[in-house]
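>>> from the sequence below, what's the structure:
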Amino acid sequence: MYINTPKFLEEKKKMLGFIFRLLIFASILRLVYGQFMVKPQNQTVLEGGTVQFNCSLYPINFSDVNQVRQWRASDLLVIGNHEPGLLPGYDRRYYYVSDNQEELNLRITNVQPEDDGEYECQMMRKDIRMARASVFLNVIG
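Alright, predicted model coming up:
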């Protein structure tokens, strides 16, 4: 019977090796897919100064990526899920800055004492748990 022939067993071994390599590759891709390339860092700034928190995921080459990018402030409110640019409210001092779909940086100008606190970068891609990175802003003034 063909199933027990050396040729069949060799083909089966090749196929299992291919499947194993494919599973390893998929596991590595899944690990990197939702990981930060640049995590924001805690910062201290003088009142009236400018601060920028940088945040980006490892890039991917999929054109159909559904992604949520946003920042959360210390009051637990989402600052905004917007495209780069000036964010509504916040006395025209909060901006999203981004050069590509993998990053979303938060810039705060004319920093005030009420800006002091924790911020969290939140990014989520389709089928991947949300990646989160918390930072603290210390305002001296």
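>>> show me the contacts for Leu104.
Counting by C-beta atoms under 8 Å, 6 or more residues apart in numbering, Leu104 makes contact with 55-56, 69-71, 84, 96-98, 121, 123. For every residue, glycine as well, the C-beta is placed using N, CA and C.
>>> now it: phi and psi?
Per-residue torsions, Leu104: phi -150, psi 100 (degrees, to the nearest 10).
>>> and the closest residue to it other than its chain neighbours, which of the three is it?
Excluding its sequence neighbours, the residue lying closest to Leu104 (C-beta to C-beta, 6 or more residues apart in numbering) is Arg69, at 4.1 Å. Three-state assignment for Arg69 (DSSP: H, G, I helix; E, B strand; the rest coil): strand.
>>> distance of Arg69 from Gly48?
28 Å (C-beta to C-beta, to the nearest Å).
>>> so which of the two has more stuff around it?
Neighbours were tallied for Arg69 and for Gly48 using other C-beta atoms under 10 Å; the higher tally belongs to Arg69 (22 against 11).
>>> contacting residues for the residue nearest to Leu104?
Per C-beta under 8 Å, 6+ apart, neighbours of Arg69: 81, 98, 101, 104, 122-123.
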